[in-house]
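>>> dropping the sequence and predicted coords here.
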Number of protein chains: 2
Amino acid sequence: MLSQSIEDYLKTIYEVESSEGKVSTSALSEKLGVSPASVTSMVKKLSERKLITHKRYQGVKLTPAGRKIALEIIRHHRLVELYLKEALGVPWDQVHQEAEKWEHVLSEDLEDRIDKFLGYPVTDPHGSPIPRRDGTMIVRQCSALVDVEPETLVKVVEVSDHDPELLRYLGGIGLYPETEMTVISKQPFKGPIIIELTGKEYPIGRNAAKYIMVEEAKN
Amino acid sequence: MLSQSIEDYLKTIYEVESSEGKVSTSALSEKLGVSPASVTSMVKKLSERKLITHKRYQGVKLTPAGRKIALEIIRHHRLVELYLKEALGVPWDQVHQEAEKWEHVLSEDLEDRIDKFLGYPVTDPHGSPIPRRDGTMIVRQCSALVDVEPETLVKVVEVSDHDPELLRYLGGIGLYPETEMTVISKQPFKGPIIIELTGKEYPIGRNAAKYIMVEEAKN
DNA sequence: AAATTATTTTAGTCTTGCCTAAATTCTTTT
DNA sequence: AAAAGAATTTAGGCAAGACTAAAATAATTT
Ligand SMILES: [Mn+2]
Ligand SMILES: [Mn+2]
Ligand SMILES: [Mn+2]
Ligand SMILES: [Mn+2]
């Protein structure tokens, strides 16, 4: 059995690797809320266990074994998020913090029961893909809302689950994964992006728009 | 926030206090699977935190504050056990070990949602009473099957949840809380107790019969 | 190219929760 | 009442996972 701490490190390394490519000590320190020195010593331990590789001053990389564990935890996390929403009606801005704890105590048996209950889902409440049991995960082509040109009809693919306040705002205006909307304009001087959704217009701040992933909708 | 370890100590102290009256270092050592020396040092810490009282060489007692926390954890445990059985179909011999982990990661919000989903239940799948939110719990009058005289019609109140094998056997013959059955005979030389249940007779070992609590059924 | 700044690692501590071995205290037997 | 035995506590250590302060290395600026 791996400690909760090790599981969180591997998961975070996976996430940083996906979103930023390079995984630096400082990035991990920030995301995990732990000092850089603590990261260095855990990195040492994970290397010894062959879950990551590490070149001094150059960042870390998951080995296949480490990646498999990371995806296992992410699978737990996302299944639990969806389960809490579907089965117990937990609002989508709260499921993340609950799942953060539950992901570490989910047995394989329960994982399977939840998976079955949900009908073998492929995405979580925020639109993120759920890794498969075999440790693989689909990758999708999509772009951040902030990079989309005005006058485009887009479909929401995925929304970051880390900021409850943003999620509440988006939920309030009816912006969920699978929702279609039109980018009306991008206000100058780093102003908000205006979108149209079910006939109404709403502003989305540039920063928030970095965390909303969309794809072009066919017509 | 209390550590998982502290929560488990308080819960175990409560359980030993209920079943044996006196809570000795060695009893805790045994139930928690930890050396007596480790118990002594944790006892010291819990006393300092005013969660228990301790007289050297004389055992420990929960303070009201400690009892409240113990019952909170037991509430989590029993709600989770019932939830796993009802909502996810986990067999009753497996719910205990899952709940043993989940009890420590259940938020108050989720506790309430599960409670509501289950219709505010009063007992867990093994017949144990579920403590109320306010930290109180009903106590029932019942006796161990092993102490019942032959020829008595009894109703099962509660079954110990600690031995999966026993639970599977009992489930197999249809012996659950609320089941009525007749004690036919007690075989001599510490032999088994014979019970009759839905027209058939089954043997229950003396030792197992210590862990089955019953009350006299009216007629 | 040298100096400054930022990042990462090392060194040394701390807390939690466990351990074993030895000493103490309580209980039971003779 | 003394001795033997059982239970409990003390003493001293260890591993995990965090921290701060200082040293080493890399990246950026002048
Ligand atoms: Mn986590
Ligand atoms: Mn999510
Ligand atoms: Mn139980
Ligand atoms: Mn527990």
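Received it, and whenever you're ready, just let me know what you need. Ligands and ions are numbered 1, 2, ... in the order given.
>>> what residues does chain A put near DNA strand D?
A:3-6, A:33-35, A:37-38, A:41-42, A:45, A:56-57 (C-beta under 7 Å from any atom of the strand). For the C-beta atoms, the positions are set from N, CA and C on the backbone; glycine is no exception.
>>> tell me the one among those residues nearest to residue A:169.
residue A:33 (24.3 Å; C-beta to C-beta).
>>> can you select the buried ones among the residues of chain A next to DNA strand D for me in ChimeraX?
Buried residues among these (16 or more other C-beta atoms under 10 Å in any protein chain shown), as a ChimeraX selection:
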select /A:6,34,42
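>>> just want the residue of chain A that's nearest ligand 4.
residue A:105 (10.1 Å; C-beta to the ion).
>>> what sits against that residue?
Residue A:105 makes contacts with B:101, B:102, B:104, B:105, as judged by C-beta atoms under 8 Å, 6 or more residues apart in numbering or on different chains.
>>> now the third one: closest residue in space, sequence neighbours ignored.
In space, and not counting its chain neighbours, residue B:104 is closest to residue B:4: 4.7 Å by C-beta to C-beta, 6 or more residues apart in numbering or on different chains.
>>> surely the one you found meets residue B:103?
No - look at residue B:4 against residue B:103 with C-beta atoms under 8 Å: they stay out of range, at 9.0 Å.
>>> gap between the residue of chain A closest to ligand 4 and residue B:3?
Taking C-beta to C-beta, to the nearest Å as the measure, residue A:105 falls 15 Å from residue B:3.
>>> do residue A:150 as well
Remark: distance between residue A:150 and residue B:3 (C-beta to C-beta) = 53 Å.
>>> quickly find the element holding residue A:28.
helix A:25-32 (DSSP states H and E).
>>> quick one: contacts for the residue lying closest to residue A:88 once chain neighbours are set aside?
Excluding the flanking residues, the one nearest residue A:88 by C-beta to C-beta, 6+ apart is residue B:113, at 4.6 Å. By C-beta under 8 Å, 6+ apart, the contact set of residue B:113 is A:88, A:89, A:90.
>>> tell me how chain A divides into domains.
A:4-62, A:143-216 (automatic domain parsing).
>>> select the longest helix from chain A.
The residue-count maximum for a helix in chain A (DSSP state H) belongs to helix A:64-88.
>>> chain center to whichever helix or strand comes after it: distance?
Where DSSP H and E defines the elements, the next helix or strand beyond helix A:64-88 is helix A:95-102. Relative to the centre of its chain, helix A:95-102 is centred 13 Å away, using C-alpha atoms, centre = their mean, to the nearest Å.
>>> what residues does chain A put near chain B?
A:84, A:87-90, A:94, A:98, A:101-102, A:104-105, A:107, A:109-110, A:113-114, A:117 (C-beta under 8 Å from any C-beta of the partner chain).
>>> most widely separated two among the residues of chain A next to DNA strand D?
Across the residues of chain A next to DNA strand D (C-beta to C-beta), the longest gap, 28.1 Å, separates A:4 and A:57.
>>> just the strands in chain A please.
Using DSSP state E, the strands of chain A run over A:52-54, A:60-62, A:143-144, A:152-159, A:180-186, A:193-197, A:200-204, A:212-216.
>>> same for the third one, what does it pack against?
In other words, strand A:143-144. Helices and strands touching strand A:143-144, by 3 or more C-beta pairs under 8 Å, 6 or more residues apart in numbering or on different chains; DSSP states H and E, are strand A:212-216.
>>> in its sheet, what does the strand it packs on sit against?
Using DSSP bridges, the strands paired with strand A:212-216 in its sheet are strand A:143-144 (antiparallel), strand A:152-159 (antiparallel).
>>> now that strand against strand A:193-197, angle please.
Here strand A:212-216 runs at an angle of 60 degrees relative to strand A:193-197 (axes from the mean of the first three to the mean of the last three C-alpha atoms, to 10 degrees).
>>> so what touches strand A:212-216?
A:127, A:140-146, A:148, A:152-160, A:170, A:175, A:204.
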